[in-house]
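Q: following is a predicted model, sequence given first.
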Amino acid sequence: HLLVVGGISSVHEIAHRLGAELTLVKTAASQTMLAADAYARIVDVSDHGDGDRARLARKVTEAVAGTTFDGILCLHDEAVELGALIAERLGLSFPSPEVAHRTVNKSAMRACLDRSGLGSVAHGVVVDGRVEWSGVAPTSEIVLKPVDGRASRGVTFHSSAGELQEWLDSHPGEVEGYLAEERKLGREISVEALIVRSGDAWHGVTAKSTNG
């Protein structure tokens, strides 16, 4: 019996086909899902509007009180942090809320790398219409992106820190909290891995190809 927080219907179908019983936590109105009768239960929190994940985690755990789950499956960035809070409350094995946050939030991830001494690209966060750089502002091209976005939504490129500031001045309040980071030019490589029983299992290394 799996507690499924958020998700993609094709993944639900695989779990269902392999014999798992699924209780779904529906996190978004647009979430893809199987027919309702494919789930043992559906806990719908898709109407939440205040972003209070702690409140939602309490709501979900109260709704499933008395049910025993063998595991938890989380899909999509916005569901992972909620899933971590739910797992903590239910005593299910899952990364802690703090680790989940650093995995999803790009700014928190950069800051963690800095503290660990592992190095990172120059980066900063937009606060009150200006970038607060963690160190020296880069002299190269800059990428501006949502801290928790994916699929390149909301990403813009800027030729310099000065040009970025001019752009911010002309878009007041639109990108508060966004991450600005140095753009490294060259081949783009995606390194994919799974963590299985606390051990790394390399999944693939993929080079991005474009038409220029």
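A: Here it is on my side, so go on.

Q: C-alpha from now on. contacts and neighbour counts both.
A: OK.

Q: got the CA positions of the longest helix along the chain in PDB?
A: Scanning the chain for the helix with the most residues, using DSSP state H, yields helix 77-90. Taking Å, rounded to 0.1, in the frame of the first residue of the first chain, the C-alpha atoms of helix 77-90 are listed here in PDB:
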ATOM      1  CA  ASP A  77       8.900  19.400  -7.300                       C
ATOM      2  CA  GLU A  78       5.900  21.000  -5.500                       C
ATOM      3  CA  ALA A  79       4.800  17.700  -4.100                       C
ATOM      4  CA  VAL A  80       8.200  16.500  -2.800                       C
ATOM      5  CA  GLU A  81       8.500  19.000   0.100                       C
ATOM      6  CA  LEU A  82       4.900  18.200   1.100                       C
ATOM      7  CA  GLY A  83       5.600  14.500   0.800                       C
ATOM      8  CA  ALA A  84       8.600  14.900   3.100                       C
ATOM      9  CA  LEU A  85       6.500  16.500   5.800                       C
ATOM     10  CA  ILE A  86       3.800  13.800   5.500                       C
ATOM     11  CA  ALA A  87       6.400  11.000   5.600                       C
ATOM     12  CA  GLU A  88       8.000  12.600   8.800                       C
ATOM     13  CA  ARG A  89       4.600  12.700  10.500                       C
ATOM     14  CA  LEU A  90       3.700   9.200   9.500                       C
END
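
Q: in that helix, what counts as buried?
A: Residues of helix 77-90 classed as buried: 77-88, 90 (neighbour count, 16 or more other CA atoms under 10 Å).

Q: how close does the closest residue to residue 53 other than its chain neighbours sit to residue 52?
A: Once flanking residues are discounted, residue 53 sits nearest to residue 82: 5.7 Å by CA to CA, 6 or more residues apart in numbering. If you measure residue 82 against residue 52 using CA to CA, to the nearest Å, the figure is 9 Å.

Q: do the same with residue 105
A: Distance, residue 105 to residue 52, by CA to CA: 16 Å.

Q: of the two, which one has the most company?
A: Between residue 105 and residue 52, counting by other CA atoms under 10 Å, residue 105 is the more crowded of the two (19 against 10).

Q: wait, what's in contact with that one?
A: Shown in contact with residue 105 (CA atoms under 8 Å, 6 or more residues apart in numbering): 147, 148.

Q: equivalent analysis for residue 69, please.
A: 1, 2, 3, 92.

Q: out of those residues, who's nearest residue 64?
A: Among the contacts of residue 69, residue 3 lies closest to residue 64 (CA to CA), at 9.5 Å.

Q: how many other residues sit next to that closest one?
A: Around residue 3 there are 27 residues (other CA under 10 Å).

Q: over to residue 147: give its phi and psi.
A: phi -70, psi -30 (degrees, to the nearest 10).

Q: how about it: what's its closest non-neighbour residue?
A: Nearest to residue 147 is residue 106, by CA to CA, 6+ apart, at 4.9 Å.
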